[in-house]
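Engineer: model the structure of this input:
(2 chains)
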Number of protein chains: 2
Amino acid sequence: MGIFEKLLGKSEKVPVEEYEELDLSEYEAEIEKEGTTYIRVVEVTGINEIPEIRRQIYEGNIVIADVGYIKHDKLQLERILKDLRLLAEDVNGDIAGLSDDYIIVTPTGIKVDRNKIKGVRS
Amino acid sequence: MGIFEKLLGKSEKVPVEEYEELDLSEYEAEIEKEGTTYIRVVEVTGINEIPEIRRQIYEGNIVIADVGYIKHDKLQLERILKDLRLLAEDVNGDIAGLSDDYIIVTPTGIKVDRNKIKGVRS
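Structural biologist: Okay, here's the model as predicted:
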């Protein structure tokens, strides 16, 4: 991953903009609701990570579940995928496999397009 | 990927809700802007795919660039990563490597958390 770190740089802190306090509580609630969405990678080693994934999805974040550690344990994998699928259905999100290692789980309003956009080999 | 298809099911079409036409053009513009966000996987075989990725990001979608085909061509890869980085900066989005094969590029308001949530080995 050296090349990616070098090229992509380190994580940048997002500055919280200062604002003058106004008496508009409804407006503030809206800001909070429409805050930043995060993509979080969660390493899944068993059902222990399900509650954390659920929390992230309920908060409106996207989870990329790294199931590389359990992919050869079909029974475990099936159980976890079933839980994640129910979670995605529950919030009207989505779930799709990116590769054998990664499962994308999305919150409300975010969908995964199953049609991979194919490259034009030049 | 057989197990994923079996477990996760096929792509579902998202129905476009029918609505009665109202004379509220501002409101309609807002609906369009706040529509569904898609995660799209784009297979990158060279710079030919950059315009399509740019279009997706401008539309507010998340792109997972599959650079598996070019990862051994360091020069090509560096050029593409540079373009994608400029794109992400342009829209105040984000860019991060998920693995050697996948680069996540996000639109305005969506960030990638660099801190992988580690699993609890049970």
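
Engineer: switch to C-alpha atoms for all contacts and neighbour counts from now on
Structural biologist: OK.

Engineer: show me the helices in chain A, by range?
Structural biologist: A:2-8, A:25-33, A:50-58, A:74-90 (DSSP state H).

Engineer: ranking the ones you listed by mean pLDDT, which is last?
Structural biologist: The minimum mean pLDDT among those belongs to helix A:25-33 (a mean of 48).

Engineer: count of neighbours near residue A:55?
Structural biologist: For residue A:55, the neighbour count with other C-alpha atoms under 10 Å in any protein chain shown is 11.

Engineer: from residue A:56, how far out is residue A:91?
Structural biologist: 12 Å (C-alpha to C-alpha, to the nearest Å).

Engineer: how much does whichever strand in chain A runs longest deviate in direction from helix A:50-58?
Structural biologist: Assignment by DSSP state E gives strand A:37-43 as the longest strand of chain A. Interaxial angle of strand A:37-43 relative to helix A:50-58 (axes from the mean of the first three to the mean of the last three C-alpha atoms, to 10 degrees): 170 degrees.

Engineer: next one: strand A:37-43 to chain centre, how far?
Structural biologist: 4 Å (C-alpha atoms, centre = their mean, to the nearest Å).

Engineer: who touches it?
Structural biologist: Outside strand A:37-43, the residues within contact range by C-alpha atoms under 8 Å, 6 or more residues apart in numbering or on different chains are A:49, A:53, A:60-67, B:109-119.

Engineer: now, of those, which are buried?
Structural biologist: A:49, A:53, A:60-67, B:110-112, B:117, B:119 (16 or more other C-alpha atoms under 10 Å in any protein chain shown).

Engineer: closest one to residue B:72 out of these, please.
Structural biologist: residue A:66 (23.6 Å; C-alpha to C-alpha).

Engineer: can I get the CA coordinates of stretch A:97-117 in CSV?
Structural biologist: Provided in CSV are the C-alpha atoms of stretch A:97-117 (Å, rounded to 0.1, in the frame of the first residue of the first chain):
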residue,chain,number,x,y,z
GLY,A,97,-20.4,-8.2,-2.9
LEU,A,98,-17.5,-6.2,-4.4
SER,A,99,-15.0,-9.2,-4.4
ASP,A,100,-14.6,-12.4,-2.4
ASP,A,101,-13.1,-10.2,0.4
TYR,A,102,-15.4,-7.2,0.5
ILE,A,103,-19.2,-6.8,1.0
ILE,A,104,-20.7,-3.3,0.6
VAL,A,105,-23.5,-2.4,2.9
THR,A,106,-25.3,0.9,2.4
PRO,A,107,-27.7,3.0,4.5
THR,A,108,-31.0,4.5,3.5
GLY,A,109,-30.9,6.2,0.1
ILE,A,110,-27.6,4.8,-1.2
LYS,A,111,-27.7,1.9,-3.7
VAL,A,112,-25.0,-0.3,-5.3
ASP,A,113,-25.1,-0.4,-9.1
ARG,A,114,-24.6,-4.1,-10.1
ASN,A,115,-23.6,-3.1,-13.6
LYS,A,116,-19.8,-2.7,-13.4
ILE,A,117,-18.8,0.0,-15.9
